[in-house]
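Participant: starting from these lines, generate the structure:
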Amino acid sequence: MKYVATTGDREITVEIVDEHHVIVDGVSYEIDFESVSEQTVYSLLANNQSHEALVYESEDGWQVLLHGSQYVLVVEDERERRLRASLGGGIPQNVDFHLRAPMPGLIVTVPVEDGQEIEKGDVLVVLESMKMQNELKSPRPGKVSRVRVKPGDSVEQRDTLLSVI
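Facilitator: Numbers count the residues shown, from 1 in each chain. This is a model prediction of the structure:
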C-alpha cells in the first residue's frame, strides 16, 4: 500500500512492502517499529539506526515529535489522494496552527509572547516530561496569537499550549 505524507509544502511517498520493509521516496528501508510505553511513544529501527518519536492523531493531522522538532503530517492513501485530485481540491491548510502538548509534563519556559513574529524552527515552548526537556518548535513562520500556558504549569497530552496565525 502506498501513502503520501505531507508536512508544510513537502510531500513524502511511503510504500509499505511488508511488516519489516518500507520504501520512502524511492529508498528501501528494513524497519522494526514498536510501541514503547502506554503513551504514544514509538521506537523505530530503520537500517540499524534507532529513532524514538511521540506520535498521535489530532484534528490537524498526525502530530510527530522527533529529535525535539514537532511536525504535523497529513497522511493519505492512494485512493484518498486520487479522489481529492479528481475533485480539484488541495490539502486543506489551516489558517491557525495550534501547538498541543505531545505528552503530559511541566512547562519550563515559554520564550515567545502574544503578537510576536516567529520563523519556522523557532522554539515556542520547553516542556519537561520523563525527566527530559523537549523544545517544541514552530513548523512554519507566523505570529503568536495566543499563549495559553506559563512556566510552572502542568499540562496533559494534547492540551493546547499556544496558537500561531
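Participant: okay, now the domains of this protein?
Facilitator: 2-86, 97-164 (automatic domain parsing).
Participant: by mean pLDDT, show me the worst of those.
Facilitator: Ranked by mean pLDDT, the domains of the chain end with domain 2-86 at the bottom, a mean of 84.
Participant: surely Glu80 forms part of a strand?
Facilitator: No - counting by DSSP: H, G, I helix; E, B strand; the rest coil, Glu80 is not found in a strand; it is helix.
Participant: looking at the domains of the chain, which is buried most?
Facilitator: domain 97-164 (a mean of 16; mean count of other CB atoms under 10 Å). From N, CA and C alone the C-beta is placed, and that goes for glycine too.
Participant: how far does that domain sit from the chain's center?
Facilitator: Chain-centre distance of domain 97-164: 13 Å, with CA atoms, centre = their mean, to the nearest Å.
Participant: now do the same end-to-end measure for it.
Facilitator: Its start and end residues considered, domain 97-164 measures 5 Å (CA to CA, to the nearest Å).
Participant: can you pull out the helices in the chain?
Facilitator: 78-86 (DSSP state H).
Participant: what sits closest to Arg100 if chain neighbours are left out?
Facilitator: In space, and not counting its chain neighbours, Arg100 is closest to Arg158: 5.0 Å by CB to CB, 6 or more residues apart in numbering.
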